[in-house]
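1. I'll drop the sequence and a predicted model, then ask my questions.
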Amino acid sequence: MKNLMSKKNKVIAFLASTSLVTMTMVALPSAARAADPSCTDLVVITQCVGATTDGAGYVVQVPAKFTGTLFLFSHGYRYPVDIPAGIPLVGGYKVVSSPQPAPGGGAAQITEVATAMLGKGYAVAGSGFVTQGWNADSGLKTNVELIGILKKRFPKITKVVAWGESLGGFITQGLAEKYPTLIDAAAPLCMAAGSVEAELTMGGDALWGLKTFFDPTLVGGNYAAGAAGYAQAMGDIVKVLTIAGTLQAAIAANPTAPAWPATSKVPDSIKAIPSRSALVLVGVMSGIPTQSAHFDNSTGPGDPTATAYVSYASAISPALGTLENIAQAAILGVLATYDVELQAGGAIFDNTKTDYAARLGSDLYTYGSALSGLDAASGMLAYLSPLNPAAPRAVGNPNAMAKMRTLLTHTGKINVPTIAMGATADPITPAGNVQWLADRAAEQLTASRAAAKAAYLTSGSYTKPASNFMTIWQKTPAKYSKYTATGSPDTTPAGANGTGHCNTTTKQYLAIADLAYAAANTGQLVVGGKLLTTLRKAGGLSYDPGFKASLLKFYN
Amino acid sequence: MIGSKRKGLGVITTAAIATSALLISAIPAHAEVGVSSSEIKLGITVPQTGPAATGYNKVAPAMKAYFAYVNANGGVNGRKINLIIKDDKYIPQEAINMTNELILKDKVMAIVGALGTANNLAVASKVQIASRGVPSLFVNTGYSGFADKKKFPTTFALFPSYAMEAKAIAAYLKENLPTAKTCVLLQNDDFGADAAAGFKTGGVTFTETVKYVSGTQSSATGQTWIGKFATAKCEVVVLFGVGTANAIALGVAAAGGYKPQWILGSVGSDVTTIKATLNNPQATALMNGAIGASWAPDSADLTDEYAKQFREINTTYNAGAVFDNNVMVGMSEGLLIVQALRAAGTNPTRKSLIAAIEKKGSTFASAGYSALGYSATSHVGQTGFWFGKYNLAGELKSVDGKYTMYTTDSAAGPVVKTEQKRLPMPAKGLPSN
């Protein structure tokens, strides 16, 4: 097994190039004691650690030259279970609940961001939360208590900015909706939004598609109870990576007509279609971006005027981009599904009524080349039909699904100035998450402006309501794929801006922090030249109110 | 904040309305994006390079040449039109990138003549031109979906749809070749699907249907297609592919001595493309005797006032480009755009441009032989085709000398034969609407 994994690791080398989830945090001791933090006065900051009554450890750092604004950070999804060392990419992971006071893609960046924040006079704090996995409800409760503790310990705190990444963004928005008086501004970053069901549907669709086309032994959900279910989930991770590795090797060997994995049981009529097209279909119908860290969908190797270049850009690059993304999405899909099933008490994914052709919509034409034409796409969609006994649909447990729906859900109400940041090609929390929130904000603004106009007709006084919400986008560059001298894709460079999950530079974090600080202290969003200057200096950020990302497929 | 002293209830409403009007009129008139006192900036995305560029790469320069001619004659209400051309290589993501550049960086007022169904769909979905309010005028595709105003409220079609063309061909076949064993070549995407739907509605049953995936056309695949047609003993073959595919089919068939009655769809019948694809200046001979459908006059028709005027403009303003159907398309679109801009008022905005086409677009002069269908509820452009036969030079000559039009819609409506009817070319090709 180990040797096999070792070989596989070489095959799927590029799959490991981006972090799966935000799971690195500052290694600070967590105190078991509730309420009173244990503080140390250092040279330029005061640092305290402690635990809320639920036992969640936290850390807070307050600079000597304190502006009075505290940034309360909520970390992203951390795997709720240990992962055996033999599993590629994520093996050897141990559940950790250490507090994380600032965002970042690793310990070094977290420290860098926190240090810079302190240098600006902002206090930083964050909990590790008492449980891991999908912990929005308990995380919210912890944060509410923590704000009280910190305000009591540091009376100079006059403003609180809540911010968080990924699941932490979900918690941040939940805090802003349910406890708006506790905070003065919010900054959900690369967020999950709406509901856990919306988020997990993407993973469920992707896993079901991979299972149906490439390996029917993939369990994909409805995991057994106890150790057997854990083994199934771990096995699924290996299978997902095996599928990805096999497809990658097949595409490398024959990009035009890559072979199907030996584990696939689809009929020959489907196998006559290039396997890469089935992969793209699974990705697109699930809502996983086709642009990834290293595949821009707009370039190919060699002469830009050659047919091969255009074919690669239109047909091969989307497949490789999907592959790079879907491995990450599917692994998280396995673990989050397993996690939420445990919380809900049964299967929480149900696609018995899903119309995957409708999910595709006009993407059927946009990705026509990548899907190998309309007939091929139609054939594959027909294979996915609920009427095909060879492609059994996943059936959810109604009670478990009902219980899942009792977990924290957003209304989308914007109560405090909110600056959301999203990446257009995020494979874990796609841009449709933040777009969902942006749509709710736009509805509220429209309603409040209509109300103001109506009020004007009776009062004669008119104040145009200002927007309390903005989305800052990390957009992908027009071209960023690199190719070696022999024409192979070069996956060694860092992932491009706008790709990967929470792939954010320190400058970008600090720009959002500055905007949130200003919003918290003025009650208004920064707009105009000051906003644009802040974004320009950070690099890779744009404010484009005309841009609308596609919503998650869950909403189709 | 604008406040007013509260007055008696009796006058509140009147005062409110008056003040409301004041509010509106007090808003300073701001210049529209892409419109200055001296210039109107427009953008187009087309394959200027790459395998799909052959022929299509002449559309944008031709449009630009027409605008240069208009600019040399005073522009549009004193403003020069500046057309920014972006090469999308016929790659959907590149079309998205280039359109983003046009809108966000170049800040054009409108997108014009964007080419390709997949690219336009990708742009509509990912760039969100509709929610941005950016007009997309006279798209270079016959996909019937773009005439759906609800889905694409800022997009206007020009070409009759592929479905309309298929229905017209079906009607022609029933009239003229009712008993022939008929086959068809289709592209396996929206283009082919739209046509297939039209043929079905038109009641045609094909003995053999061959489909190819866009970008896979080659001599080898062409051999396969022709082999299938020959095996099926097709007497009539409708080539409803793009120019490169049709050219390959004609070339392979000629080499193999297979001579059915060809019917060429309008998309893939451009002489320049066929000659370039086969790398043979004499390749037009392969078209000799083929039946063709067209919504506009053949570019070689020197008796047509539009073709004649555009040819003259091309000579002076288009850097010696060979005048062909692609040049005709580019200039025809340019002519419509100028009329639309003029109709949009002396200070055109994106909104007034869209409104102008909806209100007055059906009265615009157009090279096409059928009436334009623009209205408040329709973004359909041309609606009909005439049939002719290609000669040795690849020129399409009317079979009846009258340019009888087969007009229809993209749905289940009947095909109606009418005499061609259109407005005259504006004097010197310069709109004065």
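-> Here it is on my side, so go on.

2. now B:A340: how far from A:T290?
-> 35 Å (CB to CB, to the nearest Å). In short, each C-beta sits where N, CA and C put it, glycine included.

3. Could you do A:A496 as well?
-> For A:A496 relative to A:T290 (CB to CB), the value is 14 Å.

4. neighbour count winner among those two?
-> Neighbours were counted for A:A496 and for A:T290 using other CB atoms under 10 Å in any protein chain shown; A:T290 has more, 28 against 25.

5. Tell me the secondary structure at the more buried one.
-> Under DSSP: H, G, I helix; E, B strand; the rest coil, the three-state class of A:T290 is coil.

6. excluding its backbone neighbours, what's nearest it?
-> A:P318 (4.0 Å; CB to CB, 6 or more residues apart in numbering or on different chains).

7. Nearest to chain A: which residue in chain B?
-> Per CB to the nearest CB, B:N188 is where chain B lies closest to chain A, at 3.4 Å.

8. Kindly confirm whether my reading is correct that that residue touches B:Y212.
-> Yes - using CB atoms under 8 Å as the test, B:N188 is close enough to B:Y212 to be in contact (6.1 Å).

9. which residues do the two both contact?
-> A:G373 (CB atoms under 8 Å, 6 or more residues apart in numbering or on different chains).

10. Isn't A:V81 up against A:Y230?
-> Yes - proximity of A:V81 to A:Y230 meets the contact threshold set by CB under 8 Å, at 6.6 Å.

11. Without its sequence neighbours, what residue ends up closest to the residue in chain A that chain B sits nearest to?
-> Closest to chain B within chain A is A:G373: 3.4 Å, counting by CB to the nearest CB. Leaving aside its sequence neighbours, A:G373 sits nearest to B:N188 (CB to CB, 6+ apart; 3.4 Å).

12. Please list all residues in contact with that neighbour.
-> B:N188 neighbours (CB under 8 Å, 6+ apart): A:G368, A:G373, A:L374, A:D375, A:A376, B:K211, B:Y212, B:V213, B:S214.

13. could you redo the last one with a cut-off of 7 Å?
-> Neighbouring residues of B:N188 by CB atoms under 7 Å, 6 or more residues apart in numbering or on different chains: A:G373, A:L374, A:D375, B:K211, B:Y212, B:V213.

14. Could you list which of those residues belong to helices?
-> Using DSSP state H, the subset of those located in helices is A:L374, A:D375.

15. got a list of contacts for the helix or strand where A:M202 lies?
-> Secondary structure from DSSP states H and E places A:M202 in helix A:196-214. Contacts to helix A:196-214, defined as CB under 7 Å, 6+ apart, come from residues A:134, A:192, A:218, A:220-221, A:240, A:243, A:261, A:263-264, A:266, A:278, A:282, A:285-288, A:326, A:329-330, A:332-334, A:336-337, A:340, A:348-349, A:351, A:384, A:391, A:394, A:404-405, A:407, A:552-554.

16. did I read that right, A:L70 in a strand?
-> Yes - residue state for A:L70 (three-state DSSP) corresponds to a strand.

17. Quick one: the strands in the chain, in order.
-> I'll assume chain A. With strands called from DSSP state E, chain A shows them at A:38-41, A:45-51, A:57-63, A:69-74, A:123-127, A:159-165, A:185-189, A:418-423, A:469-474, A:482-483, A:489-490.

18. my question was about chain B
-> Counting by DSSP E, chain B has strands at residues B:39-46, B:80-87, B:110-112, B:136-139, B:155-157, B:182-187, B:208-212, B:236-240, B:261-264, B:291-294, B:384-390, B:396-398, B:405-407, B:416-418.

19. Kindly report the residues of the stretch 301-450 of chain A close to chain B.
-> A:304-305, A:307, A:310-311, A:313-314, A:362, A:365-366, A:368-369, A:372-375 (CB under 7 Å from any CB of the partner chain).

20. Tell me how many other residues crowd the nearest residue to A:K553 once chain neighbours are set aside.
-> The shortest distance from A:K553 to any non-neighbouring residue, by CB to CB, 6+ apart, is to A:G287 (3.9 Å). Per other CB under 10 Å, the neighbour tally for A:G287 reads 25.

21. Now do the contacts for B:V108.
-> Neighbours of B:V108 in contact, by CB under 7 Å, 6+ apart: B:G34, B:K41, B:L42, B:G43, B:I84, B:L102.

22. how does it look with 8 Å?
-> Taking CB under 8 Å, 6+ apart as the criterion, B:V108 is in contact with B:V33, B:G34, B:K41, B:L42, B:G43, B:I84, B:L102, B:V134.

23. Do you know the pLDDT at the last one?
-> Just to be clear, that refers to B:V134. Per-residue pLDDT puts B:V134 at 97.

24. hang on, it packs against B:I103?
-> Yes - using CB under 8 Å, B:V134 is in contact with B:I103, at 5.9 Å.

25. shared neighbours of the two, anything?
-> With CB under 8 Å, 6+ apart, B:V134 and B:I103 have common neighbours B:I111.

26. list the contacts for B:L173?
-> Contact partners of B:L173, counting by CB under 8 Å, 6+ apart, are B:A180, B:T182, B:V204, B:V236, B:I263.

27. Run through the helices of chain B in chain order.
-> With DSSP H as the criterion, chain B has helices at B:9-26, B:59-72, B:92-100, B:117-126, B:129-132, B:162-176, B:190-201, B:219-231, B:243-256, B:271-278, B:305-317, B:325-343, B:350-360.

28. Now find how far off-centre the fifth one is within its chain.
-> Relative to its parent chain, helix B:129-132 has a centroid offset of 21 Å by CA atoms, centre = their mean, to the nearest Å.

29. Please list the outside residues in contact with it.
-> The contact list for helix B:129-132, computed with CB under 8 Å, 6+ apart, reads A:G546, A:K548, B:T99, B:I103, B:I111, B:V123, B:A124, B:S136, B:F152, B:P153, B:T154, B:T155.

30. ok, now the third one?
-> Helix B:92-100 has contacts (CB under 8 Å, 6+ apart) with A:291, A:296-298, A:313-314, A:317, A:366-367, A:478-479, B:43, B:45, B:86-88, B:111, B:114, B:116, B:118-123, B:126-127, B:129.

31. Go ahead and build a PyMOL selection from the buried members of those residues.
-> Listed next is the PyMOL selection for buried residues among the contacts of helix B:92-100, using 16 or more other CB atoms under 10 Å in any protein chain shown:
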select buried, (chain A and resi 291+296+297+298+313+314+317+366+367) or (chain B and resi 43+45+86+87+88+111+114+116+118+119+120+121+122+123+126+127+129)
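
32. Thanks a lot, see you next time.
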